[in-house]
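>>> I need the structure of the sequence given here:
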Amino acid sequence: MKPSISPGDLVLLDQARTEIVNGAPFIFVDADGETRLKRLHRLGRNTVALMSDNPDHPPELRNGVDAERLKVLGRVVWSGHNWG
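Numbers count the residues shown, from 1 in each chain. Here you go, the predicted structure:
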């Protein structure tokens, strides 16, 4: 999620906010079981786009069963960076 969030940054997760809001950052468990932080976009009933702020990482699509297997843990509502 660079440049917005860098490795080692702290994030505050609101676990009550699991409904996808297009463009908002979420922490979720992907279809393969990996926990990730990406901006999510619902593109239809059975399609979710995973977007990074880093232009080196293209959007990823999850369709059908893979979209249904996404488990949103919560919405990132704050992040902090250590400049030390």
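>>> all strands for the protein, in order.
10-14, 25-29, 35-44, 47-51, 60-63, 71-80 (DSSP state E).
>>> Give me the average confidence score over the first one.
Model confidence over strand 10-14 averages 97 on the pLDDT scale.
>>> In that strand, which residues are buried?
Neighbour-count burial for strand 10-14 flags residue 13 (criterion: 16 or more other Cβ atoms under 10 Å). Backbone N, C-alpha and C define where each C-beta goes, glycine included.
>>> The shortest one too?
Buried positions in strand 60-63, judged by neighbour count with 16+ other Cβ under 10 Å: residue 62.
>>> Check which helices and strands it is in contact with.
Strand 60-63 makes packing contacts with strand 47-51 when contacts are defined by 3 or more Cβ pairs under 8 Å, 6 or more residues apart in numbering; DSSP states H and E.
>>> and the angle for the strand it packs on with strand 35-44?
If you take axes from the mean of the first three to the mean of the last three Cα atoms, to 10 degrees, strand 47-51 sits at 130 degrees to strand 35-44.
>>> Could you report the neighbour count for residue 55?
By other Cβ atoms under 10 Å, 8 other residues sit near residue 55.
>>> Make 57 the starting number, not 1.
In the new numbering, first residue 57, that becomes residue 111.
>>> what's near enough to touch it?
Contacts for residue 111 (Cβ atoms under 8 Å, 6 or more residues apart in numbering) come out as none.
>>> for residue 123, what are its contacts?
Per Cβ under 8 Å, 6+ apart, neighbours of residue 123: 87, 102, 103, 104.
>>> Buried members of those into PyMOL, please.
In PyMOL, this line selects whichever of the contacts of residue 123 come out buried by 16+ other Cβ under 10 Å:
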select buried, resi 104
